[in-house]
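Peer 1: Structure of the sequence below:
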Amino acid sequence: MQLKYVWFPLGAVLIWAGNTVISKMSAGVIAPEDISFYRWVLAAVLMSPFLAKSTWDARAQIKPHLGKILVLALLGMVLFQSLAYFAAATSSATSMGIIASLMPLLTLLLSIQLLSEPPTVGTVAGGVLSLFGLAVLIGRGHPLALFDQGVVMGDLLMLLATISYGLYGVMLRRWALPLRTWQLLYMQVLMAVLLLFPGFVFGHHSPLTADNLPLLLYAGIAASIVSQFLWMKGVSHLGASHCSVFVNLMPIFTVAIAVLALGEDLHGYHAIGGGITLAGVLMAQILKQRLPGRARVG
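Peer 2: Below you'll find the model as predicted:
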């Protein structure tokens, strides 16, 4: 792995971690429906001068895949980020970042069902371990308290958002649409704008102010475009498997930024629950041995 290219995936993950904190900062200063819609409108406006013509010229190749592109946009851009914005109302950025760290594990688990990939020792053992870590985190250090006190709604919404993005990654791989990467991304952005428009029209509107405009610019430019460019450059130089390792740094970056930018307190259950969760995710990625008795017959 060439170290000079490490900055591409590292930069992308750092921006994604920052976006989790941005989601928390947006709570109370701009409605979730508004920032969800505005960020993708901004991304579409900035991408159109470079991609609109070539995408229109390729409309014959794109048209047969519009239904699948719509589903991808719904999972990866609409549900994932919208649920995160709603989650930020009651969940801390620290908790959101740790819950989001489950994404690689959830992708592996979903791949077992949707891609017919055989389960491994790592996915099973790591899944159980991460589930316990998540219970420690959401139970604020007392997993059994979940039965008495219930789950914080924001944590549950962030978990649903993470599942949605895990499903997005699996479907993106399963369908492997024969389109150029930037054109596929651009079409998903346009679909996201279309899907979010009704919620924007009928939702609670927030005026753009000096407080929320920087948040929108970060979400619409850094998190929606720059991070994608950095990630794709990283994959092209280092490969997807090497780049995926850097995703494990996202909860660490998120916690650090949340403590510095928001003054969030880092509690013991964050360290314990987050550490156990991350250990489970790493276990799922490292232990590749197939489960005994699962070999194909014939």
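Peer 1: Where does pLDDT dip in the stretch 101-250 of the chain?
Peer 2: Regions of the stretch 101-250 of the chain meeting the criterion pLDDT under 70 cover residues 140-151, 240-241.
Peer 1: what about the strands in it?
Peer 2: Ranges of strands in the stretch 101-250 of the chain, per DSSP state E, counting those that start in this stretch: none exist.
Peer 1: where exactly do the helices run in it?
Peer 2: In the stretch 101-250 of the chain, the segments counted as helices under DSSP state H, counting those that start in this stretch are 103-114, 121-138, 145-149, 153-175, 181-202, 213-217, 227-238, 240-246, 250-257.
Peer 1: Looking at the ones you listed, which is nearest to Ile62?
Peer 2: Closest approach to Ile62 among the helices of the stretch 101-250 of the chain is made by helix 181-202 (6.4 Å; CB to CB). Every C-beta, even on glycine, is put in place using the N, C-alpha and C of the backbone.
Peer 1: what comes into contact with the closest one?
Peer 2: Outside of helix 181-202, the residues that reach it under the criterion CB atoms under 8 Å, 6 or more residues apart in numbering are 33-34, 36-37, 40-41, 43-44, 47-48, 50-52, 54-55, 58, 62, 66, 69-70, 72-74, 76-78, 82, 177, 179, 224, 228, 232.
Peer 1: Out of the residues you listed, which end up buried?
Peer 2: Among those, the ones that count as buried by 16 or more other CB atoms under 10 Å are 33-34, 36-37, 40-41, 43-44, 47, 51, 55, 62, 69-70, 72-74, 76-78, 82, 177, 179, 224, 228, 232.
Peer 1: Helices - which of the residues you listed land there?
Peer 2: 33-34, 36-37, 40-41, 43-44, 47, 51, 55, 62, 69-70, 72-73, 82, 228, 232 (DSSP state H).
Peer 1: Which residue is the nearest non-sequential neighbour of Ala43?
Peer 2: In space, and not counting its chain neighbours, Ala43 is closest to Ser224: 4.1 Å by CB to CB, 6 or more residues apart in numbering.
Peer 1: returning to what we had before: ok, and which of the helices of the stretch 101-250 of the chain has the densest surroundings?
Peer 2: Of all the helices of the stretch 101-250 of the chain, helix 250-257 has the most neighbours on average by mean count of other CB atoms under 10 Å, namely a mean of 22.
Peer 1: moving C-terminal of that helix, what's the next helix or strand?
Peer 2: Proceeding C-terminally, helix 250-257 gives way to helix 268-286 as the next helix or strand, assigned by DSSP states H and E.
Peer 1: Show me which positions of that next one end up buried.
Peer 2: 269-270, 273-274, 276-278, 280-285.
Peer 1: any idea how far the closest residue to Ile138 other than its chain neighbours is from Thr162?
Peer 2: Take Ile138 and drop its neighbours on the chain: the residue closest to it by CB to CB, 6+ apart is Asp155, 4.9 Å away. Separation of Asp155 from Thr162 (CB to CB, to the nearest Å): 11 Å.
Peer 1: so what sits against both of these two?
Peer 2: Counting by CB under 8 Å, 6+ apart, the common neighbours of Asp155 and Thr162 are Ile99.
Peer 1: Just give the nearest non-adjacent residue to the residue nearest the centre of the chain, would you?
Peer 2: Compute the mean C-alpha point of the chain, and by CA atoms, centre = their mean the closest residue is Tyr165, 5.3 Å away. Excluding the flanking residues, the one nearest Tyr165 by CB to CB, 6+ apart is Phe80, at 4.3 Å.
Peer 1: Count the residues that sit near the one you found.
Peer 2: By other CB atoms under 10 Å, 22 other residues sit near Phe80.
Peer 1: Any figure for the gap between it and Ser244?
Peer 2: For Phe80, the distance to Ser244 - CB to CB - is 17 Å.
Peer 1: again, but for Thr20
Peer 2: For Thr20, the distance to Ser244 equals 18 Å [CB to CB].
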